[in-house]
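> Kindly generate the corresponding structure for this input.
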Amino acid sequence: MKTMRNLKSLFAALLLAPTLALASGAALHLDKAPDVSGDKAALQNGAKLFVNYCLNCHGASALRYNKLMDLGLTEQQIKDNLMFNAEKIGQQMTVSINPAEAKKWFGVTPPDLSLVARARASADGSGADWLYTYLRSFYKDPARPTGWNNVIFPNVGMPHILFELQGEQALNAEHHLELATPGKLSTAEYDKQVADLVGFLVWMGEPQAGLRKQIGIAVLVFLSILFVLAYALKKEYWKDIH
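Okay, here's the model as predicted:
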């Protein structure tokens, strides 16, 4: 029941979040997120980024740590490198932050991210594109309580948690983003890290998506073979009549 309440809170927070860029009538431009769904190394890196940068405030209560073994990680690797807020590998990926304090700090309780990629699906059906663009669109804004703002999510309450990696961006006179202070990574390297993190968020929303697709392909192949055999049997059965 607690998990369901958390998921309902997620949907409510995302549906009520301000999207002023769309409300103003301007078209929302989203960059295409690289597809890393078949790259387990990228998804493992995404899991590491999520635990180190996101799990401090955002939980993923629909996912348990042992599910990360589906990404090719061993139980020991998960315990040693990804479990900073839990004792048992079967526990949910929750946070210890006090919701009331978090709301006081950020203006809103940080939502659970279990289904964020699916809930944030844009008009073209790609929540991955929205997340990929969002995490690369923060810029310094002294007028905001956190000191940060976002091009596609104006007046967002979340600070730029990855700024040490990306650096600090600013809006120029044409209202385009430009890198004012470099971070630890180059632009290409940062984009790759964001792609891995987004890939993990997408996987987290439906961990069995890959298996489901494989089963679907296998079923279609089986039905195709069955159709050929059934047609051959039909011809053999009716050949003397026709």
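
> quick one: low-confidence ranges for the chain?
Applying pLDDT under 70 to the chain flags residues 1-27, 122-125, 208-211, 242.

> mind giving me the domain split of it?
2-207, 210-242 (automatic domain parsing).

> Just name the most buried of the ones you listed.
Of all the domains of the chain, domain 2-207 carries the top mean neighbour count, a mean of 17, counting by mean count of other Cβ atoms under 10 Å. All C-beta atoms are positioned from the backbone trio N, CA, C, and that covers glycine.

> distance between that one and the chain's centre?
6 Å (Cα atoms, centre = their mean, to the nearest Å).

> Which residue ranges of this protein form helices?
2-16, 20-23, 40-49, 75-81, 99-106, 116-119, 127-134, 163-166, 187-205, 209-238 (DSSP state H).

> Select, out of those helices, the one closest to Trp148.
Proximity to Trp148 (Cβ to Cβ) singles out helix 163-166 among the helices of the chain, at 7.7 Å.

> Residues contacting the closest one, please?
Surrounding helix 163-166, the residues in contact under the criterion Cβ atoms under 8 Å, 6 or more residues apart in numbering are 136, 138, 148, 160, 179, 183-185, 190, 193.

> Redo the helices of the chain as CSV? Include distance to Gln92.
As requested, the helices of the chain are exported to CSV (distance: least, Cβ to Cβ, whole Å):
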stretch, distance to Gln92
helix 2-16, 7
helix 20-23, 33
helix 40-49, 15
helix 75-81, 14
helix 99-106, 16
helix 116-119, 16
helix 127-134, 22
helix 163-166, 27
helix 187-205, 12
helix 209-238, 20
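
> Which of the ones you listed sits closest to Ala173?
In terms of Cβ to Cβ, the element of those nearest to Ala173 is helix 20-23, at 19.0 Å.
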